[in-house]
Structure formats: C-alpha cells, structure tokens
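[1] Generate coordinates for the sequence data below:
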Amino acid sequence: MSEILIWTTSWCTPCGALKSWIESKHYKNIVFKDADTEKPRIKLGQTIDAYPTLPFENELVAGLLPIQEWLVAHYE
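    Numbers count the residues shown, from 1 in each chain. The predicted structure is shown next:
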C-alpha cells in the first residue's frame, strides 16, 4: 500500500489515541503531519473542520472512529 497521510494537531486527544491504535496494529506507510506546524495541503475547495483527518482521493475522512474504520477496510 502506498503512503497514507493523516493530519493531526498537538492538542487533539483523538489524534493521540489514533496514533496509539495504529502503532498497536503495526500499520506501515502511515505519515502523520502536524497542522500546528505545517499548513494542510488538500484539494481546492476542501476544508478540514476536525482532526484527525485523512485525505483520500476526493474525500476527507475525519474523526477517530471513521479513520479506524477506513484503515480496517482499506489496509487489511
């Protein structure tokens, strides 16, 4: 699987929970970018309203549970 990008922030409690969950699953090729220090690069017309957010093709998957579900469906 190619690299998966997930936008997080330092103050986001669900972001920390997601990182721990991903580590426990031993998923590889997942890159976390911190929106506190780097402006998220997403498609024109899209906005990030919540963190964590996973941009995928033409959609943004946002929130702990939706991202976990997405990873289970697309990664395993």
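
[2] which stretches of the chain aren't confidently modelled?
    For the chain, the stretches flagged by pLDDT under 70 are 1, 43-45, 76.

[3] Break down it into its helices, ranges please.
    In the chain, the helices defined using DSSP state H lie at 13-25, 64-75.

[4] Nearest to Q46 among these would be which one?
    Nearest of the helices of the chain to Q46, taken as Cβ to Cβ: helix 64-75 at 15.6 Å. Quick note: C-beta positions are derived from backbone N, CA and C, even for glycine.

[5] And the contacts of that closest one?
    With contact meaning Cβ atoms under 8 Å, 6 or more residues apart in numbering, helix 64-75 is reached by 1, 4, 6, 14, 17-18, 21-22, 25, 27, 52, 54, 56, 61.

[6] Can you tell me which of those residues are buried?
    4, 6, 14, 18, 22, 52, 54, 61 (16 or more other Cβ atoms under 10 Å).

[7] Quick check, the last one in contact with A50.
    Looking back up the chat, that one is V61. No - contact criterion Cβ atoms under 8 Å: V61 and A50 do not qualify, at 10.3 Å.

[8] So which residues make contact with stretch 17-37?
    Contacts for stretch 17-37 (Cβ under 8 Å, 6+ apart): 1-11, 15, 40, 48, 51-52, 64, 67-68, 71, 75.

[9] In strands, which of the residues you listed fall?
    Judged by DSSP state E, strands contain the following of the contacts of stretch 17-37: 4-8.

[10] on that earlier part again, of the contacts of stretch 17-37, buried ones?
    4-9, 15, 40, 51-52, 64, 67-68, 71.
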